[in-house]
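Undergrad: below are the sequence and a predicted model for it; my questions follow.
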Amino acid sequence: MLYATTEQHEKLREKVRAFAEEKVKPLAFMLDQGNEFPKEIVKELGELGLMGIYFPKKYGGAGLDMISYAIAVEELSRVDAGVGVILSAHTSLGCNPIYDFGTEEQKLKYLVPMAKGEKLGAFGLTEENAGSDAGGTETVAVLQGDHYILNGNKIFITNGGEADTYIVFAVTTPGIGTRGISAFIVEKGWKGFEFGEHYDKLGIRSSETRELLFNDVRVPKENLLGKEGEGFKIAMQTLDGGRIGIASQALGIAQGAFEAALEYAKDREQFGMPIGAQQIIGFKLADMDTKVSASRLLVYKAAALKTAGERYGKEAAMAKMYASEAAIYVANEALQIHGGNGYLKGMEVERFYRDAKITTIYEGTNEIMRVVIAANLLGPISRTTKPQTKRAPGGTTGYRKKIIFKDGTPEEQVDALVAALEADGYDFTVGIPIDTPVGKAERLVSAGQGIGAKENMKLIEKVAKNVGAAISSSRPVAETLKYLPLDRYVGMSGQSFKGNLYIAAGISGAGQHLKGLKEASTIVAINNNPNAKIFKNADYGIVGDLQEILPLLAKRLDTGEKKPAPPMIKLKRKEPKQPKQIWQLYVCNGCGFEYNPGVGDMENDIVPGTKYEELPEEWTCPECGEEKTAFIEV
């Protein structure tokens, strides 16, 4: 089958390439270095009709096909992959769920301005415990009257903070796995909807990537997308189409890197001839061009199938997997051909090299792409389903007590906290120097961005002095705000705290930070946001204003001059023993299939631990199709 582009496609390519060369390329280096979102460029993409390129004109789109969309993303990514993914995420992830599953009212209200480029879209699925496994979603939405109350957070969200409209996935029916997930249209600016800091990424740095924070956000009932429980289906179908966009982005990166390498190989001379005349370089270029061409065929095939309304999930996964791995290969070879020059900042191939890697990770890792491809090949073949390994009890930091002091005045809450710590064996008449290295400290008082102005660090210093602790911080406080030296931030990429007491003041609980606290004996959280993730990963907590709570805590722990602390004795955390579950078994009266709640039915999204009475009414025997009522208790 021939996947040739039409004259209309090539005219579009010329149009987008001209725009990319004239408007994007001159700014690409600056955008990359400054981690800067290109607002004006995005506005102009809307004026060119690219932000709704394949949606019907009645909904504000350009009415073109998926190959046109692939070409647009490819040509932008050929110059700046960050700009390419802004278009891709907006169109395929932000707009497409509304087009495919929205009501007519939702399409007119949200899709039309998005397709016109008047508003930007984004997609909120990924969470700390829900990456490749979307069934791990912990964000919840509870129906109260005419609104759903949304609580939780999402991470690694492309266009986060800049987008106006978000497709957000949350659990509406707990305990039934992916069947309990629903999708919602959420607007920027709603009370309780906030954003984390822009991630400082390796590549695609002109693309905004943030955390989404939901604290009792009221979502109108009419903003439910599709029906309750359809969220997982909406997410998976959306990601199938989104993979065409990421494959196109990878293709553009590879094309740009190849062109740069080819030009350099013709121009650079060694041993009295252009390096391209050396067979080893010529062979590299031949392999690179072959991989670029193969990627393009796979991408356009998937796009053509989607346009024709045919099944395209396997082809989209193939295109995304192959094109992303080809992009890494081509960018690596392009940099090698450039030699030392390619390793310098400001060289396009250096940026292509950094940009390429993410295409193997987002919108489904390439490991998941292979799972998708294999599932399409093998179909619903019989296999023995084994129970999944359960997560260790607790959150990212392991089992924690999660005791939040809520009763009484702030003074009484602080008193209760100190009493609990003293009961755990903490002696506040002794202390360590405030500048003790993080890795050797027995106690730390750590500041997050919630501390506010730099002058408020005096509160942290006073608390640390009276707790008998050293000072530390989250990464943004040290790296961005520069309140402390870089060797004092705690987190996965910084210092790990292996001591006893960690007091987190104004720290929300980003996953990177929490991973540095796994070995802390006791974690105390003080934050004004009751839904901050830190509370789920702490032993004790107080919800309140830092400028009120910290002075009270410092006063309560003021025991005068501290005696030098003795050598640290590590306090052990007690984790609850998990009782062995003995499951009641049920057998199908039709074929003898045995339903074991400890195993579940993963083929049909029934997670291990689902009791028979908790099975959905529509569940049927996976072997013979008998209804749930045909099962007999044994």
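TA: Noted; the coordinates are in hand.

Undergrad: check which helix or strand covers residue 123.
TA: Assigned by DSSP states H and E, residue 123 belongs to strand 121-124.

Undergrad: quick one: mean pLDDT for that strand?
TA: Across strand 121-124, the average pLDDT comes to 98.

Undergrad: could you point out which element follows that strand?
TA: Counting by DSSP H and E, the element after strand 121-124 in chain order, helix or strand, is strand 140-144.

Undergrad: just the buried residues of that next one, please?
TA: 140, 141 (16 or more other CB atoms under 10 Å). (Glycine included, C-beta is placed from N, CA and C.)

Undergrad: that one packs against which elements?
TA: The criterion is 3 or more CB pairs under 8 Å, 6 or more residues apart in numbering; DSSP states H and E, and the helices and strands that strand 140-144 contacts are strand 147-158, strand 165-171.

Undergrad: how close does the residue nearest the centre of the chain sit to residue 126?
TA: With the centre of the chain defined as its mean C-alpha position, the nearest residue by CA atoms, centre = their mean is residue 156, 3.0 Å away. When distance is defined by CB to CB, to the nearest Å, residue 156 is 5 Å away from residue 126.

Undergrad: before we move on, what about residue 85?
TA: Separation of residue 85 from residue 126 (CB to CB): 15 Å.

Undergrad: more neighbours, these two?
TA: A side-by-side neighbour count of residue 85 and residue 126, using other CB atoms under 10 Å, places residue 85 first with 30 against 21.

Undergrad: the more buried one touches residue 92, doesn't it?
TA: No: taking contact to mean CB atoms under 8 Å, the distance of 10.3 Å between residue 85 and residue 92 leaves them out of contact.

Undergrad: what's the overlap in contacts for the two?
TA: With contacts defined as CB atoms under 8 Å, 6 or more residues apart in numbering, the residues adjacent to both residue 85 and residue 92 are residue 245.

Undergrad: for the nearest residue to residue 432 once chain neighbours are set aside, what are its contacts?
TA: Using CB to CB, 6 or more residues apart in numbering and skipping residues adjacent in sequence, the residue nearest residue 432 is residue 565, 5.1 Å away. When contacts are counted by CB under 8 Å, 6+ apart, residue 565 is found next to 430, 431, 432, 442, 468.

Undergrad: now with 6 Å, please.
TA: Residue 565 sits next to 430, 431, 432 when contact means CB atoms under 6 Å, 6 or more residues apart in numbering.

Undergrad: so where's the protein shaky on pLDDT?
TA: When the per-residue scores of the chain are filtered using pLDDT under 70, the ranges that remain are 1-3, 380-394, 574-581, 590-591, 603, 624.

Undergrad: if we can go back for a sec, just the CA atoms of the strand holding residue 123, as CSV, please.
TA: Backbone C-alpha positions of strand 121-124 (Å, rounded to 0.1, in the frame of the first residue of the first chain) are rendered in CSV as follows:
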residue,chain,number,x,y,z
GLY,A,121,-5.6,22.5,25.9
ALA,A,122,-3.9,19.9,28.1
PHE,A,123,-4.4,16.4,29.4
GLY,A,124,-4.1,15.3,33.0
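
Undergrad: how far away is the closest residue to residue 469 other than its chain neighbours from residue 303?
TA: With CB to CB, 6+ apart as the measure, residue 443 is the residue that lies nearest to residue 469, at 3.6 Å, once sequence neighbours are left out. The gap separating residue 443 from residue 303 is 58 Å, by CB to CB.

Undergrad: do the same with residue 194
TA: The span separating residue 194 from residue 303 equals 36 Å under the rule CB to CB.

Undergrad: between these two, point out the one with more neighbours.
TA: Set side by side, residue 194 and residue 303 give different neighbour counts by other CB under 10 Å, the larger being at residue 303 (28 against 18).

Undergrad: okay, and that one sits in which element?
TA: Assigning secondary structure by DSSP H and E places residue 303 in helix 279-307.

Undergrad: right, and the helix or strand after that helix?
TA: Note on helix 279-307: by DSSP H and E, the next helix or strand toward the C-terminus is helix 313-338.

Undergrad: can you give me the buried ones in that following helix?
TA: Of all the residues in helix 313-338, those buried under the rule 16+ other CB under 10 Å are 313-335, 337-338.

Undergrad: how about stretch 592-609?
TA: By neighbour count, with 16+ other CB under 10 Å as the criterion, the buried positions of stretch 592-609 are 593, 595, 597, 599, 600, 601, 602, 605, 606, 607, 608, 609.

Undergrad: quick check on the fourth one: phi, psi?
TA: It stands for residue 599. In terms of degrees, to the nearest 10, the main-chain angles of residue 599 are phi -100, psi -40.

Undergrad: distance of it from residue 402?
TA: From residue 599 over to residue 402 (counting by CB to CB), the distance is 30 Å.

Undergrad: the stretch 401-550 of the chain: helices as residue ranges?
TA: Taking DSSP state H, counting those that start in this stretch as the criterion, the stretch 401-550 of the chain carries its helices at 410-423, 457-467, 475-479, 511-514, 546-556.

Undergrad: which one of these is the most hemmed in?
TA: For the helices of the stretch 401-550 of the chain, average neighbour numbers computed from mean count of other CB atoms under 10 Å are highest in helix 511-514, which has a mean of 22.

Undergrad: what's the neighbour count on the nearest residue in space to residue 615 that is not next to it in sequence?
TA: With CB to CB, 6+ apart as the criterion, residue 615 has its nearest non-adjacent residue at 5.8 Å, and that residue is residue 628. When neighbours are counted by other CB under 10 Å, residue 628 registers 17.
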